[in-house]
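> one predicted model, sequence on top.
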Amino acid sequence: MSVEKISNTVKSKQKKFKLTLLYFAILLLFLSLVTALIHTVLQQQVDADREAKKQLALANIREQITYELNYVATDLIHYAYSALAKANLALDDSIAEHYLTSLMFSISSLQKNYAQIRLFDRLGNEKIRIDQNPDLSLQLIQGNQLQGKSHRYYLQNAMALQPGQVYISKFDLNKERGEVEYPIKPMLRFLTPIHSVDGELLGAGAINYNGSKLLKILAEHNADRSDHFFLINHSGYYLAGDDSRAWSFMFPGKEQFLFSEEHPYLWQQMLGNKNGNMMTDHGEYYFSYFSLSPNSSFSVVNEESIFLLLHVPKFIIDNEYRAFQTVLMISFILTALLFAFLSWKLASYQVEQKRLVKQLKFEAGHDELTGLSNRKEILNYLHKSISATRRRNSCLSLAYIDVNDLKKTNDRYGHDAGDQLIKGVATVINQSIRKSDYAARIGGDEFLIILADCGKDDATLILQCIHSSYAELGLLKVGRKWSLSYGCTELMGKEDTAQAMIDRADKAMYKQKAWHKQSA
């Protein structure tokens, strides 16, 4: 081979090599720019996803705590505002006392977090007191074991309230004879005054709620076990999250631990913003300020406001960054960025499609105005409930509710006022029934409630509670009592059907509605 030919061959290879390097350099530069951009976007996305997840965790805890405290306030109002309580306090009716005690026992047996449930007379003396023992059994305190509590601040404050108001004490530890009780019992005390029809103070009802359930909610929601949840009161003291620091304010003679002193800058941010997050050298903190009280449908006095705090340690955040950086590096080496992007787009499309399908399915089975199920859904559920009840050899009740004077309200005040009546029924139903029950709006002003494991007598009591709550809600909303008619029936023999139950409940309701029209 000639020298020239050899030279041309060498030049050709060199040119191919240079072009290869050039193209590779251009592609590598492009890939580096894309990777740098993706790194920035991914880091922001990881931060955003973490913030959304943690804020959602805080919101879920707040919602569950409020839901839990709704039960306490509802139970308190249920027995304290009952005719039995007023008869016992005003007339010293022994029969009323017997039935009221049974009602209070039923409430305590259903709710396992009531350390005490009590009825006081106007002088602050215990009339009825039911204690929960450490083994969760209930004990009726009688005779000279009943105590006078007129000197207790929470009872004095409760007695001074207006009718319908609920007093909630500070969240602290239970004391016996002036000393903190061991094992410690975090306690919230719910009280409400009891008045006669004429407005005379008769006494008060009280429930001592064991706040350990609220601390348990924190533990149950800690999905990422490396995260730390804290409860901090408005003074900066630890309530939960660090057993060695919690409740130090209950022991004035011992060392005091304040989150506000340990993290002063963060504490100032919390006081200024109430809700948000902040990055520190120790990691990221998410916080939310809210009241330890039921929802706004209750008139609450002296709400205990606290900070719910979630701490994500720095090493967790660093691990999150390292995780996506490792994936990104592998993708860079394997040039699989496009596949990762397409996979992400496909996943986003599938999630959105699933969300839309779920939303459409929900809207097809629920009433738009009230959020309750519609006729089709509750009929299907009723058939299933009848079958399940027969298999368990249990009982099942069906309630039929109809709003009184809806047409008059629409004609006189407009359809918005009528809609408010309808939504009011849904509100009191949701507040009064259990998780195992099922409610639906089946017509313009008609509602059905399926009450599982519930006989007709108990169902009637629940309907009376709904009727009373609905009347009080009307007073609260528009200054006049709202009214509804109801009827209920119980599943009978093997031949009983869903339609037959509906017809019986409907007939019972119309009987009451006819009486209402005659008395109007």
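Cool, got the structure. None of these values were measured; they are calculated from a predicted model.

> burial of residue 25, as a residue count?
By other CB atoms under 10 Å, the residues close to residue 25 number 10. Bear in mind the C-beta positions are built from the backbone N, C-alpha and C, glycine included.

> ah, wrong one, I meant residue 191
Residues near residue 191, counting by other CB under 10 Å: 27.

> which non-adjacent residue is nearest it?
Once flanking residues are discounted, residue 191 sits nearest to residue 158: 3.5 Å by CB to CB, 6 or more residues apart in numbering.

> state the mean pLDDT of the helix or strand harbouring that neighbour.
Assessed by DSSP states H and E, residue 158 sits inside helix 153-159. For helix 153-159, mean pLDDT is 91.

> please apply the same query to stretch 44-54.
For stretch 44-54, mean pLDDT rounds to 87.

> give me the below-cutoff pLDDT ranges for the protein.
Scanning the chain with the threshold set as pLDDT under 70 gives 1-5, 7-8, 222-225, 335-355, 358, 519-520.

> could you pull out the helices for the chain?
3-80, 83-91, 94-110, 153-159, 212-220, 259-262, 264-273, 314-334, 337-365, 375-392, 406-413, 415-432, 456-478, 498-519 (DSSP state H).

> closest one to residue 302 among the ones you listed?
Counting by CB to CB, residue 302 lies closest to helix 153-159 out of the helices of the chain; the figure is 6.7 Å.

> got a list of contacts for that closest one?
120, 122, 124, 149-150, 167, 169, 189, 191-193, 201, 204, 206, 301-302 (CB atoms under 8 Å, 6 or more residues apart in numbering).

> sorry, back to before: now the helices of the chain in CSV, with distance to residue 239?
Putting the helices of the chain into CSV (distance: least, CB to CB, whole Å) gives the following:
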stretch, distance to residue 239
helix 3-80, 12
helix 83-91, 32
helix 94-110, 25
helix 153-159, 18
helix 212-220, 8
helix 259-262, 10
helix 264-273, 15
helix 314-334, 24
helix 337-365, 37
helix 375-392, 41
helix 406-413, 46
helix 415-432, 27
helix 456-478, 32
helix 498-519, 47
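
> so which of these gets nearest residue 136?
Proximity to residue 136 (CB to CB) singles out helix 94-110 among the helices of the chain, at 9.3 Å.

> touching the closest one from outside, list them.
Contacts for helix 94-110 (CB under 8 Å, 6+ apart): 75, 78-79, 82-85, 87-88, 114, 117, 119, 127-128, 130, 132, 138, 140.

> do stretch 373-382 as well
With contact meaning CB under 8 Å, 6+ apart, stretch 373-382 is reached by 365-367, 398, 438-443, 448, 450, 498, 501-502.

> how about it: buried residues?
Neighbour-count burial for stretch 373-382 flags 373-374, 377-379, 381-382 (criterion: 16 or more other CB atoms under 10 Å).

> how about stretch 174-188?
For stretch 174-188, burial by neighbour count (16+ other CB under 10 Å) applies to 174, 185-188.

> cool, stretch 104-120 as well?
Under 16+ other CB under 10 Å, the buried positions of stretch 104-120 are 104, 107-108, 111, 113-120.

> can you check stretch 37-49 too?
Neighbour-count burial for stretch 37-49 [16+ other CB under 10 Å]: 38-39, 42, 47.

> among those, which pair sits farthest apart?
Longest distance between any two of the buried residues of stretch 37-49 is 14.8 Å, between 38 and 47; criterion CB to CB.

> how far away is residue 76 from residue 306?
21 Å (CB to CB, to the nearest Å).

> wait, I meant residue 467
Residue 467 is 35 Å from residue 306, by CB to CB.

> pick out whichever of these two has more residues nearby.
Neighbour count, other CB under 10 Å: between residue 467 and residue 306, residue 306 has more, with 22 against 19.

> beta partners for that one?
residue 233, residue 290 (DSSP bridges).

> so it touches residue 232, yeah?
Yes. Counting by CB atoms under 8 Å, residue 306 touches residue 232, with 6.4 Å between them.

> okay, and the common contacts of the two?
residue 239.

> burial check on the nearest residue to residue 511 once chain neighbours are set aside, number of neighbours?
Spatial nearest neighbour of residue 511, chain neighbours left out: residue 487 (6.7 Å); criterion: CB to CB, 6+ apart. Residue crowding around residue 487 was assessed by other CB under 10 Å; the count is 21.

> if we can go back for a sec, got the buried residues of stretch 174-188 as a markdown table, with distance to residue 213 columns?
Shown next, in a markdown table, are the buried residues of stretch 174-188 (distance: CB to CB, whole Å):
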| residue | distance to residue 213 |
| --- | --- |
| 174 | 14 |
| 185 | 11 |
| 186 | 9 |
| 187 | 11 |
| 188 | 10 |
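
> just give me the closest of those to residue 508.
Looking across the buried residues of stretch 174-188 and measuring by CB to CB, the closest to residue 508 is residue 188, at 39.6 Å.

> can you tell me how far that closest one sits from residue 75?
To residue 75, residue 188 is 13 Å away according to CB to CB.

> what residues sit buried inside stretch 145-154?
Those would be 149, 152, 154, for stretch 145-154 by 16+ other CB under 10 Å.

> can you give me how far that stretch is from the chain middle?
Put simply, stretch 145-154 sits 32 Å off its chain's centre (CA atoms, centre = their mean, to the nearest Å).

> what's the span of it, first residue to last?
Stretch 145-154 has an end-to-end distance of 20 Å (CA to CA, to the nearest Å).

> repeat for stretch 360-373
End to end - CA to CA - stretch 360-373 spans 14 Å.

> quick one: contacts for the closest residue to residue 372 other than its chain neighbours?
Among residues not flanking residue 372 along the chain, residue 441 sits closest, at 4.8 Å (CB to CB, 6+ apart). Listed by CB under 8 Å, 6+ apart, the contact set of residue 441 reads 367, 369-370, 372-374, 422, 426, 447.

> go with 6 Å
By CB atoms under 6 Å, 6 or more residues apart in numbering, the contact list for residue 441 reads 367, 370, 372, 447.

> quick one: which of those residues is most hemmed in?
Counting neighbours by other CB under 10 Å, residue 447 leads the contacts of residue 441 with 26 neighbours.

> any idea how far residue 330 is from that residue?
Distance check for residue 447 against residue 330: by CB to CB, it reads 58 Å.

> how many other residues sit next to residue 251?
Counted with other CB under 10 Å, residues neighbouring residue 251 total 11.

> how close does the closest residue to residue 507 other than its chain neighbours sit to residue 463?
Spatial nearest neighbour of residue 507, chain neighbours left out: residue 487 (6.8 Å); criterion: CB to CB, 6+ apart. Distance, residue 487 to residue 463, using CB to CB: 8 Å.

> please apply the same query to residue 427.
15 Å.

> endpoints of stretch 393-413, how far apart?
48 Å.
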